[in-house]
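Asker: what shape does this take:
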Amino acid sequence: MSNIARVIPFSEVVEKAMTLARDNTAGSRDKFKGLINRAYTQVIPRKEDWSPLIASSSISCSAKYITGTVAITAGSTAITGTGTTWVTGMTGRKIKINGNDNVYTFTWTAATTGTISPALSGANNISGAGYTLYDDDYSMASDFDRLLSGGSLYRYRSGRPFVINEVSERVWRDEFVNGTSDETMRCRLRGFDTSLNRVVEVNPAPNTAISLQYDYIKFLSPMTEYNTGYITTLANGLKAVTGVDTDFDGYGSATSIYYLRIDRDGIGDSSVWYKVSSFDSDTGITLASNYNGTSIASATETYTISMIPLLPYNFHDWMIYSAAIESAVDSEDPAVQGWMAISAQIESECKKLWKNRNPNKDIEVEQ
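Answerer: Numbers count the residues shown, from 1 in each chain. Below you'll find the predicted structure:
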């Protein structure tokens, strides 16, 4: 059993799953690392809206721009403004030109010139026409995975949330409104931006600059472990760790939590972990607490640095059983059937603790 309260580092989770499945063959560690990460990042998070994974953010919608008039030749992509002050940030916005039914994508060139895509439709040139330049696509949070079940955007009005529902493609097509409005009524998720963040499209786009809030399920990145090189110095009662042939600061990230163990002190259920306080250099790290094992001096001891799951402790055994079940060749094996029953029980317990937050009430089954 891990010596850390309420958490089992990734490496120990992997080793527990291997032990449960009685699979220690060549290559099995990499296989179980993949299975644990699949359970961690995909299988478990998508079953429910688990409260530890719920986060909130917002998108800042731009106001429409209608200053001046435009001129454009039929079949052309070049658009000229009169009295306009277009800026580079308008690139990628939609433009609706009065007297033309289509909506185009605008690209900025200068304060009074730009291009549209596709080329202007119809046989008539346009001159001195009004227009609306607006934005209806916005990037979600960088760790966004999905909206909550039945999810939505919302804005506050008189202190109460006004819901903007995520709709199906059919509803989107049936109810879509070109242009802008004082009331944004619907949204849909579509594609990714250049940083691979999810994009939400709102319709109609807002007339004025507003902030739209949303609650979402966070994306969990796969967990990793690191064991390149050796530990050469680590004194009992101290926190400084020295390695050789290591790249500690190249591995560690400020956005994750890591633990270190010296493998001779135990692996699997016998692991003794120490939280890493900082990655100081290629060969140096500092622990958050003093090392309690036998001092290492001028030796070459193997070690493991492991990330921890960003799910509560209750979920860790679920990952172990999920990986063991998926690794099994025969799903009818009585042992596998037993794992499935235990996995189902853990899922039920997690629902009580982390879905409706009432551990004394049974979960209602949705029909």
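Asker: quick one, longest helix in this protein?
Answerer: Taking DSSP state H as the criterion, the chain has its longest helix at helix 334-354.
Asker: and it, what's buried?
Answerer: Buried residues in helix 334-354, counted by 16 or more other CB atoms under 10 Å: 336, 339-340, 342-343, 346-347, 349-354. To be clear about C-beta, it is placed using only N, CA and C from the backbone, and glycine gets the same treatment.
Asker: pLDDT of it, averaged?
Answerer: Regarding helix 334-354, the rounded mean pLDDT is 95.
Asker: then stretch 84-92?
Answerer: Across stretch 84-92, the average pLDDT comes to 97.
Asker: for it, what is the distance to the chain centroid?
Answerer: 31 Å (CA atoms, centre = their mean, to the nearest Å).
Asker: and what of stretch 166-173?
Answerer: Counting by CA atoms, centre = their mean, stretch 166-173 comes out at 24 Å from the chain centroid.
Asker: also stretch 85-99?
Answerer: Distance, centroid of stretch 85-99 to centroid of chain: 31 Å (CA atoms, centre = their mean).
Asker: please apply the same query to stretch 217-233.
Answerer: Going by CA atoms, centre = their mean, where stretch 217-233 is centred and where its chain is centred differ by 18 Å.
Asker: same question for stretch 251-269.
Answerer: 23 Å.
Asker: model confidence at P161, what's the number?
Answerer: 88.
Asker: state the helix or strand in which it lies.
Answerer: strand 160-166 (DSSP states H and E).
Asker: look up phi and psi at S270.
Answerer: Per-residue torsions, S270: phi -90, psi 10 (degrees, to the nearest 10).
Asker: same question, the one 5 residues further on
Answerer: Here is the backbone geometry of K275 (degrees, to the nearest 10): phi -70, psi 140.
Asker: and for the nearest residue to it once chain neighbours are set aside, the neighbour number?
Answerer: Spatial nearest neighbour of K275, excluding adjacent residues (CB to CB, 6 or more residues apart in numbering): A288 at 4.1 Å. By other CB atoms under 10 Å, 12 other residues sit near A288.
Asker: one more: the one 10 residues further on?
Answerer: The criterion is other CB under 10 Å. On that basis, S298 has 7 neighbouring residues.
Asker: any idea how far it is from S121?
Answerer: Going from S298 to S121 by CB to CB, to the nearest Å gives 78 Å.
Asker: try K16
Answerer: Taken as CB to CB, the span from K16 to S121 is 63 Å.
Asker: can you check R29 too?
Answerer: R29 is 60 Å from S121, by CB to CB.
Asker: give me the more crowded residue out of the two.
Answerer: R29 (16 against 12).
Asker: helix or strand: which one has that one?
Answerer: Per DSSP H and E: helix 28-38 holds R29.
Asker: now that helix: mean pLDDT?
Answerer: For helix 28-38, mean pLDDT is 97.
Asker: check stretch 114-133 too.
Answerer: Mean predicted lDDT for stretch 114-133 stands at 96.
Asker: send me that stretch as CSV with only the CA atoms.
Answerer: What follows is stretch 114-133, C-alpha atoms only, in CSV (Å, rounded to 0.1, in the frame of the first residue of the first chain):
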residue,chain,number,x,y,z
GLY,A,114,-9.4,43.6,-47.1
THR,A,115,-10.5,40.4,-48.9
ILE,A,116,-13.5,38.1,-48.5
SER,A,117,-13.9,34.4,-49.1
PRO,A,118,-15.5,33.1,-51.1
ALA,A,119,-15.7,35.7,-53.9
LEU,A,120,-18.8,37.9,-54.0
SER,A,121,-21.8,35.9,-55.4
GLY,A,122,-24.3,37.3,-57.8
ALA,A,123,-24.0,39.4,-61.0
ASN,A,124,-24.2,42.8,-59.5
ASN,A,125,-21.4,45.1,-58.2
ILE,A,126,-21.9,46.6,-54.7
SER,A,127,-21.1,50.2,-53.9
GLY,A,128,-21.8,52.3,-50.8
ALA,A,129,-23.4,49.4,-49.0
GLY,A,130,-23.8,48.9,-45.3
TYR,A,131,-22.4,45.7,-43.8
THR,A,132,-22.0,43.9,-40.5
LEU,A,133,-18.6,42.5,-39.5
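Asker: domain boundaries for this structure, per the record?
Answerer: Per automatic domain parsing, the structural domains of the chain span 51-62+137-218, 69-134.
Asker: looks like N165 contacts S152 (just checking).
Answerer: Yes. Counting by CB atoms under 8 Å, N165 touches S152, with 4.8 Å between them.
Asker: comparing these two, which shows the higher neighbour count?
Answerer: S152 (19 against 15).
Asker: quick one, what contacts that one?
Answerer: V163, I164, N165, E166, C187, Y214 (CB atoms under 8 Å, 6 or more residues apart in numbering).
Asker: which one of the residues you listed is nearest E326?
Answerer: E166 (30.7 Å; CB to CB).
Asker: which ones are touching the closest one?
Answerer: Residues in contact with E166 (CB under 8 Å, 6+ apart) are L147, G151, S152, L153, R186, C187, R188, L189.
Asker: what is the burial count for the second one?
Answerer: The one in question is G151. G151 has 18 nearby residues by other CB under 10 Å.
Asker: cool, and T82?
Answerer: 11.
Asker: show me where this structure has its helices.
Answerer: Applying DSSP H to the chain gives helices spanning 10-21, 28-38, 169-175, 248-251, 316-327, 334-354.
Asker: of all the ones you listed, which one comes closest to G68?
Answerer: Here helix 169-175 is closest among those (CB to CB), at 31.2 Å.
Asker: from the contact counts, what lies against that closest one?
Answerer: strand 186-192 (3 or more CB pairs under 8 Å, 6 or more residues apart in numbering; DSSP states H and E).
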